[in-house]
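Predicted model follows, preceded by the sequence.
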Amino acid sequence: MEPLMAIGIGLLYATAIFLMLRRSIVKLVIGLMLLSNAANLLIFTTAGMTRGAPPLIPKGMTAPIGEVADPLPQAVVLTAIVIAFGVLAFAVVLIRRAYEIVKADDLDKMKDTDT
Amino acid sequence: MRPEVALPILLPLLSGAISLLFWRSRPMQRFIAVSGNIGLLVVSVWLFIATLSDDYITMQMGGWPAPFGITLIADMLSAVMVLMTAIIGLAIGIYSLATTGRGHEKFGYYPLMHLLLAGVAGGFLTGDIFNLYVWFEVMLVSSFALLILGGERPQMEGAIKYVTLNLLASVIFLTAIGLTYGTVGTLNMADIALRFDEVEHQGMLEVLAVMYMIAFGIKAAAFPLFFWLPASYHTPPVAVSALFAGLLTKVGVYALFRVFTLLFDQSMGYVQTILLWGAGFTMVTGVLGAAAQYEFRRILSFHIVSQIGYMILGLALYTPLAIAGGVFAVVHNIVVKTNLFLISGITHRLQGTYQLKKMGGLYRERPWLAVAFFISAFSLAGIPPLSGFFAKFVIVRAGIEAGAYVITAVALGVSLITLYSMVKIWNEVFWKSLPDDNEVPEETTPAGDDGRLVKPSLWMMYLPVVILALFSLLIGVFAEPVMQVMNHIGEQLFHPAGYIEAVLGEVAQSAAGEASP
C-alpha cells in the first residue's frame, strides 16, 4: 500500500507545482489546494499505515492490545485540513477580488508593485 | 503551573475575541486595542523577569506529560522576542488610532491585529513543532486579511504574491513535519532533538534540514526567497506595514534559530555553509535593491531583507558570541524598522506622498520628527552609540574570531551602502526644500475614510515614534546589560541540553536510551 501511496503523493506534488507555475491565478489556487492535500496524505503515510486496528483501549485495561494504528498523525492531519480549508477559502475570495480589480486572469498583468 | 508562559498567547486571543464581540462599537474596539496591548506588555515583562531568575519556564498544556502533550516553553530568547512583540504591539495599537480609516476599522482591523499578535507570541513560546506550524498559520491568516484591508489594486497584486509564497512555505514546513514524525515518531522539539541523534539514515536528516531551511527562509525573506516581501510590504495601510516589518519576518528568523540550534546541532557542517552564503547574498541583494528605489516604504522593505542577512549571519557563524549578535540584531531591527515605517506614515500624512522626489523641507517644518528619523536611520546603518552599532559590532567581532574574514568584510560594506540609502531619504525628505509642484494638502484624511474629515491627531502618531526612538537610543546607551542578556541567549542556544532537560525532565534522560514506542 505504501509504495502506491508514495507514487500518488509524488504525482500530486508534481501536478501542484506544475499548476502553480502557470500564469493563470485560478490554476495557481488549484495548485495550492492540491499541494496541501499532498502534504496531508504524506503525513498520513509516513506515520505508517495499519489496517483495521483502531487505537481503542478495551474496558478495564490501560493500553491497547496488539498492533494499533497511530492516532496522532490522524489528529495532525485533521488540524492541517481545517487550516488548509480556511486559508484556501481566503485564497479563493482573494483571486475573485483580484480578478474584479485587475480584470485579468493573468499573473503577468500584476506587475505594478514590482517596479 | 506557570501562567506567565501561556498569558502572552491567551491575552491577545482574549482581546481579539472581546474586540469581535464589540464589532459595531468603534470606541470600544479602540479602547481594547490599547488596553489589551498594555496588558500584553505587562505579562511579557513578567515573563521576561521570570526567565531572568529561572532559566527555563515550561508548562504542559492540559497536564499531559512532556513528549505526549503540547509544551509551552520560554527560554531567554522566547522571552525577549515576546517582550519585543508586546512593545511593537502597543506602539502599533496607539499609532493605529490615528491612522486607521473608519472603513478599515469597520472590517475588523483591531481584532485582526490582536490575533496576529497572538500568533506571533504563540510561535515564540511553543515547544512543539506542529504547534509552531499552527501558530504560523494563525499569524499568516491574520496578516492576509490585514494586507488586503481596503482592497486597492496594488494591495491585491501584492497580496497574491504574499499569499502564494507564504502558503508554499507553509506546505513545505508541513511536509517536513510529516517526514520528521515518520522518522522519529514525535513532534516535541526537545524529544526530536534527542531522537535525531539515534537516526541511522543521516541522509534523511539532511533532507529535513534543507526543507526546514527553505520553509523558514521564505518566511524570513532570505536570499533567494525574498521576492514576495518588497512586492507587498509597501501596499497596505502604513500601520499594517510597520507591524509586518517589525514582526513577521522575525518569526521566520526565530524559527531558523530554534531549529538549527536545537534540532540540527550535530549536523551543522554543510547547513552552516549554505546559511553563510545565504546570509551574504541576502545582505547584498537587499541593500542594492534599496539603493535603486525612490519610494519611501519600498526602500525600507528592501532594507528589511538586507538586515535579515545580519541575523542569519549570526546563526551561520555558530559560536555563542555570534548567536548573541544575531539575536541582538533581531531585537534592534524590530524597534528601528518599525519606527522607520511609522515615520514614513507621518511624512505621508504631512506631505501626501511616499515618493521621495515629491517630498522635502521637513527639517525646517518638523525638526523633532527629523531627529527621530535621524536616530532610527543612523541606528539602522550602525553609527555609534545607537543600537545598530552594537549589534553589528558583536557580529563582526564574532566573524573575525571565527576567521570568516570575507563575510565580515561584506557585512561592513553593506553597512556603508545602508548609510547611503538612509542619507538619500534624509536629503530628499528632510533636507532639500519642498519641490514647487507638490501641493501639500491642508488636512489629509486617513485612507479608506468614509468622506468625513478626521482631525489629524498627530500626537498619537508622534508618541510611538518618540518612544521607539528613545528605546533604540537606550539599547545603545545601556548596551552592557543588554549584551549580558544576549550572551545568556547565545549560551542557552549553543548548549541545548538545558532546554531538552527543562522540557522532558529526568524521565526522558533514561527513556531516551530505550527503543521508540
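That came through fine.

going forward, measure contacts and count neighbours with C-alpha atoms only.
OK.

residue in chain B nearest to chain A?
B:Gly178 (4.2 Å; C-alpha to the nearest C-alpha).

Now do the SS call for that residue.
Three-state assignment for B:Gly178 (DSSP: H, G, I helix; E, B strand; the rest coil): helix.

so what's it closest to, chain neighbours aside?
Nearest residue to B:Gly178, sequence neighbours excluded (C-alpha to C-alpha, 6 or more residues apart in numbering or on different chains): A:Ile43, at 4.2 Å.

Hmm, B:Ala176 and the one you found touching each other?
No - checked against C-alpha atoms under 8 Å, the pair A:Ile43 and B:Ala176 is beyond contact range at 9.0 Å.

what residues does chain A put near chain B?
Residues of chain A lying near chain B by C-alpha under 8 Å from any C-alpha of the partner chain: A:32, A:35-36, A:39-40, A:42-44, A:46-48, A:76, A:83, A:87, A:91, A:94-95, A:97-98, A:101-102, A:110-114.

Got a PyMOL select line for the buried ones in those?
Selecting only the buried entries of the residues of chain A next to chain B in PyMOL, with 16 or more other C-alpha atoms under 10 Å in any protein chain shown as the criterion:
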select buried, chain A and resi 32+35+36+39+40+42+43+44+46+47+76+83+87+91+94+95+97+98+102+110+113
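
Give me the subset of the residues of chain A next to chain B lying in strands.
Judged by DSSP state E, strands contain none of the residues of chain A next to chain B.

For B:Val163, give me the pLDDT.
At B:Val163, the predicted lDDT confidence score is 92.

Spit out the contact partners of the closest residue to chain B within chain A.
Using C-alpha to the nearest C-alpha, A:Ile43 is the residue of chain A that sits closest to chain B, at 4.2 Å. Going by C-alpha atoms under 8 Å, 6 or more residues apart in numbering or on different chains, A:Ile43 touches A:73, A:77, B:175, B:177-179, B:181-182.

ok, now B:Leu52?
Counting by C-alpha under 8 Å, 6+ apart, B:Leu52 touches B:Met76.

Can you report phi and psi for it?
Phi and psi for B:Leu52, reported as degrees, to the nearest 10, are phi -60, psi -40.

any idea of the pLDDT on B:Glu514?
At B:Glu514, pLDDT is 44.

Next up, identify which helix or strand residue 8 is on.
All of this refers to chain A. With secondary structure defined by DSSP states H and E, A:Gly8 is part of helix A:2-20.

wrong one, I was asking about chain B
Per DSSP H and E: helix B:3-21 holds B:Pro8.

Now do the helices for chain A: every range, in order, please.
A:2-20, A:25-46, A:71-102 (DSSP state H).

which of those is buried the deepest?
Burial of the helices of chain A is given as mean neighbour count (mean count of other C-alpha atoms under 10 Å in any protein chain shown); helix A:25-46 ranks first at a mean of 22.

what distance separates it from the centre of its chain?
The chain centre lies 3 Å from the centre of helix A:25-46; the measure is C-alpha atoms, centre = their mean, to the nearest Å.

Just the angle for that helix relative to helix A:2-20, thanks.
160 degrees (axes from the mean of the first three to the mean of the last three C-alpha atoms, to 10 degrees).

Please name the spatially closest residue to residue 36 (chain neighbours excluded).
You didn't say which chain, so I picked chain A. B:Val171 (6.1 Å).

try chain B instead
Of all residues beyond its chain neighbours, the one nearest B:Gly36 is B:Ser15 (5.6 Å), with distances taken as C-alpha to C-alpha, 6+ apart.

what sits against the one you found?
B:32-33, B:36, B:111, B:114.

run the last query once more with 7 Å
Counting by C-alpha atoms under 7 Å, 6 or more residues apart in numbering or on different chains, B:Ser15 touches B:32, B:36, B:114.

any idea how far it lies from B:Gly403?
Using C-alpha to C-alpha, to the nearest Å, one obtains 49 Å as the distance from B:Ser15 to B:Gly403.
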